[in-house]
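**Q** structure for the following, please:
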Amino acid sequence: CTGKVGMFGISWGGYSALQVAARRPPALKAIITVCSTEDRYSEEPFTGGLVMEDMFGIAWGSHYPVIACSPPDPAIVGDRWRDMWMERLNNVDYYPINWMTHQHRDAYWKHASLNEDDGNYGAIQCPVYAVGGWFDAYRRTVPRMLANLKCPRKGLVGPWGHQYPNIDKPGPGPTIDWLTEALRWWDYWLKDIDTGIMAEPMYRVWMQQEPSVRGIYQIPDRWEIPGRWVAEEIWPSPRITPRNFYLTKDGLENNAGAETACVLKPLQTVGTTAPGWWLRSAEDAPIDQRIDDARSLTFDSEPLE
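**A** I've put the predicted structure just below:
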């Protein structure tokens, strides 16, 4: 071993890679973080408007404490297994209670979040490859990390769900040869082999040509998202110009209009056409969402050029 270490993971493993990198162990020379986040409050699935989105929070929050309550193996820990088990049972942390009692961005969420004053983006100094998917809830974290990290970095967002880019199902596609891409990253940072990966654009994204509609491109447990790959040399792109739009009685406008009341009689069935938070199959993909639009307050602009 040369003493150079890399760390990678998806979801919780991606969180861990970011959080370890922020502690700057000298041996850690690069990480890959897939489908994770550096902002636990805004991006974790337990906080969306104080609603446990898609029941994922309840399912995850009840399943993992059960695992935490399992006894240690006497073959590994010996005769002290029962005392260890009782200590574990008496101190088990029931996650949903924490989530529901910390509904604001307080110290509970700031812990292990890299976008906070006590754990800022500059804490990570080793190179970071951030990967996400359009059908994953963490898709916003990749461009945000590219814009704020100070270390060498690359970003990739493709037509996938909460999965590695080479996994062909469940979830959309097309997939890519991710293992070769990851090997190029590790060879460059851990073996000092110039694979050319850092000479390529910082940010690569699958640009959808049209919305995904359930069933159109569906094969059993698989569906294709039509589009093409685009790239930006740096992010944020200097080719992007911010524009402000205002909510008015006529929709999204370039200028603010007179203050107007907009009244909505809510229907609890609104949202049935939206995609699921945890995309497991084509059945979780979005369908024609005009049904929900017709029962909602919507603010549309003129078509953008």
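**Q** S36 contacts T141, doesn't it?
**A** Yes. The pair formed by S36 and T141 meets the contact definition of CB atoms under 8 Å, at 6.9 Å. No exception for glycine: its C-beta is placed from N, CA and C like everyone else's.
**Q** between the two, which contacts overlap?
**A** Here S36 and T141 share no contacting residue, scored by CB atoms under 8 Å, 6 or more residues apart in numbering.
**Q** for C262, which non-adjacent residue is closest in space?
**A** L297 (5.5 Å; CB to CB, 6 or more residues apart in numbering).
**Q** now do D187
**A** I193 (4.2 Å).
**Q** do you know how far the one you found is from L183?
**A** In this structure, I193 and L183 are separated by 10 Å, where distance is defined by CB to CB, to the nearest Å.
**Q** cool, and M100?
**A** As it turns out, when the distance is counted by CB to CB, M100 lies 43 Å from L183.
**Q** now swap in D168 and tell me
**A** Remark: distance between D168 and L183 (CB to CB) = 19 Å.
**Q** isn't there a strand covering W206?
**A** Yes. Checked against DSSP: H, G, I helix; E, B strand; the rest coil, W206 lies within a strand.
**Q** count of neighbours near it?
**A** By the criterion of other CB atoms under 10 Å, W206 has 23 neighbours.
**Q** cool, and G171?
**A** Applying the criterion other CB under 10 Å, we find 25 residues in the vicinity of G171.
**Q** the chain should start at 273 in everything you say after this.
**A** Sounds good: first residue 273 from here, last item G443.
**Q** which strand residues bridge it?
**A** Applying DSSP bridges to G443 yields these beta-bridge partners: R494.
**Q** and for G405?
**A** For G405, the beta-bridge partners are G430 (DSSP bridges).
**Q** how near is it to P298?
**A** Distance check for G405 against P298: by CB to CB, it reads 32 Å.
**Q** out of the two, which sits in the more crowded spot?
**A** Ranked by neighbour count (other CB under 10 Å), G405 and P298 place G405 first, with 25 against 8.
**Q** start to end distance for stretch 526-534?
**A** Length of stretch 526-534, first residue to last, CA to CA, to the nearest Å: 19 Å.
**Q** try stretch 279-297
**A** One end of stretch 279-297 sits 11 Å from the other (CA to CA).
**Q** average model confidence for that stretch?
**A** Here stretch 279-297 scores 94 as its mean pLDDT.
**Q** roughly how far out does that stretch sit from the chain middle?
**A** For stretch 279-297, the distance from its own C-alpha centre to the chain's C-alpha centre is 14 Å (CA atoms, centre = their mean, to the nearest Å).
**Q** show residues contacting it.
**A** By CB under 8 Å, 6+ apart, the surrounding residues in contact with stretch 279-297 are 277, 300, 302-310, 384, 386, 391, 395-398, 400, 434-436, 454.
**Q** may I see the buried residues of that stretch?
**A** Within stretch 279-297, the residues that qualify as buried by neighbour count (16 or more other CB atoms under 10 Å) are 279-283, 286-294.
**Q** what sits against the residue nearest to P498 when sequence neighbours are not counted?
**A** Leaving aside its sequence neighbours, P498 sits nearest to Q481 (CB to CB, 6+ apart; 4.7 Å). Neighbour list for Q481: 498-500 [criterion: CB under 8 Å, 6+ apart].
**Q** again, but for Y436
**A** By CB under 8 Å, 6+ apart, the contact set of Y436 is 282, 306, 450.
**Q** narrow those residues to those in strands?
**A** When DSSP state E defines the strands, the subset of the contacts of Y436 inside them is 282, 306.
**Q** just put the contacts of Y436 in TSV and tack on distance to C534.
**A** What follows is the contacts of Y436, written out as TSV (distance: CB to CB, whole Å):
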residue	distance to C534
I282	41
V306	40
W450	45
